[in-house]
Every structure is written in structure tokens, then in C-alpha cells.
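**Q** generate a structure from the sequence data that follows.
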Amino acid sequence: MRRPTPEDGTVTVLVVGFALVAALLVAAVVDASAAYLQRQSLHALADGAVLAAADGAQGEQVYTSGLGERAPIDPAVARAQVAEYLAATGAAAEHPGLSWLVSTDGTIVSVRVAAPLDLPITPAGWQQSTTVVGAASAVVDIG
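**A** Below you'll find the model as predicted:
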């Protein structure tokens with residue numbers, strides 16, 4: 001019969017420890033991948049929305065006083081164009097909880113879209129959801 005030594009059972013502790021670290025790494029990679037894919041989708045959505053807003057730069061000033069080097073962008077028209085684009089693409093159904101913000105400085109229009117993301121794997125102590133943001137800006141150069 002063999003006598004127990006102080007090292008008995010240390011391999012089991014080591015294997016359990018490595019398995020725990022591996023599981024946390026898998027969770028982090030899966031969650032980061034889900035967030036990245038959501039961000040790419042929101043960036044594409046923001047790109048389309050900002051192009052729709054920039055397309056709304058046409059107006060009475062085109063015919064009365066010309067546009068100059070950059071077309072002026074009416075904030076109210078830009079917001080309406082973005083809302084129409086998001087409704088037409090079904091963005092709210094694809095990204096539940098979608099929020100958006102349109103800002104202009106006269107000639108540059110920016111669109112920021114955000115949506116919550118429920119993380120696929122949430123170990124104890126981690127947040128179950130996060131907010132992912134996509135953004136885009138556009139300007140209408142003339143000439």
C-alpha cells in the first residue's frame with residue numbers, strides 16, 4: 001500500500017483551474033464576437049441613414065441662391081429622412097430597442113444609432129447585456 005504524498009491531487013486542481021480559465025476565455029471571445037457583429041450591422045445602418053439624410057440636402061436654396069461649395073443640410077429634413085430610412089429598412093425589428101440621434105452643423109450631418117445586445121454567454125458576475133453603437137457622417141460637396 002502506497003502512502004499519500006503532499007503532491008497528491010495537485011494535478012486535479014491544475015486541470016480544473018485550466019478548464020475554468022478556458023471557459024472564461026471562450027465566453028469572452030463569443031461575447032466580443034457578438035458585439036463586433038452587432039457594431040458592424042449598426043455602422044452599416046448608420047451609413048445608409050446618413051446618406052438618406054444627406055440626400056435630403058436638396059431644397060429651395062438649390063434653385064434660389066445656389067449651393068456654394070457644400071450643400072446646407074436642414075436639421076429637420078435630415079431627421080425626417082433618417083426616420084423614414086430606418087422605418088423603410090425595418091431597423092427597429094432587426095435591432096429591438098434601437099435609438100438614434102441626428103446632428104448637423106449646417107453642412108455636415110452625423111447619425112448615431114444604438115441598440116442593446118444580450119450577450120450569448122454571461123458567467124456569474126458579468127453584465128447580461130450591453131449597448132452597442134454605430135455612427136456615420138456625411139457632407140455634400142459641390143464641385
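**Q** residue contacts, the nearest residue to residue 24 once chain neighbours are set aside?
**A** The shortest distance from residue 24 to any non-neighbouring residue, by Cβ to Cβ, 6 or more residues apart in numbering, is to residue 123 (6.4 Å). (Glycine included, C-beta is placed from N, CA and C.) Residues in contact with residue 123 (Cβ atoms under 8 Å, 6 or more residues apart in numbering) are 23, 24, 27.
**Q** residue 73: how many residues sit nearby?
**A** Neighbours of residue 73 under the rule other Cβ atoms under 10 Å: 24.
**Q** which one's the longest helix in this protein?
**A** The single longest helix within the chain, with elements called by DSSP state H, is helix 10-55.
**Q** now rank the contacts of residue 123 by neighbours and give me the top one.
**A** Greatest neighbour count in the contacts of residue 123, by other Cβ under 10 Å, goes to residue 27: 16 neighbours.
**Q** that one reaches residue 34, doesn't it?
**A** No - at 10.8 Å, residue 27 does not count as touching residue 34 under the criterion of Cβ atoms under 8 Å.
**Q** now the longest helix of the chain: mean pLDDT?
**A** Across helix 10-55, pLDDT averages out at 92.
**Q** dump the residue contacts of the closest residue to residue 107 other than its chain neighbours.
**A** Nearest non-adjacent residue to residue 107, counting by Cβ to Cβ, 6+ apart: residue 70, 4.1 Å away. Contact partners of residue 70, counting by Cβ under 8 Å, 6+ apart, are 107, 139, 140, 141, 142.
**Q** burial check on the fourth one, number of neighbours?
**A** When neighbours are defined as other Cβ under 10 Å, residue 141 has 10 of them.
**Q** any idea what it is bridged to?
**A** residue 70 (DSSP bridges).
**Q** quick check: the gap between it and residue 75.
**A** As judged by Cβ to Cβ, to the nearest Å, residue 141 and residue 75 stand 19 Å apart.
**Q** same thing with the second one?
**A** Computed as Cβ to Cβ, the residue 139 to residue 75 distance reads 14 Å.
**Q** so which of the contacts of residue 123 comes closest to residue 116?
**A** Relative to residue 116, the closest of the contacts of residue 123 is residue 27; by Cβ to Cβ it sits at 18.7 Å.
**Q** since that was my last question, I'll sign off now.
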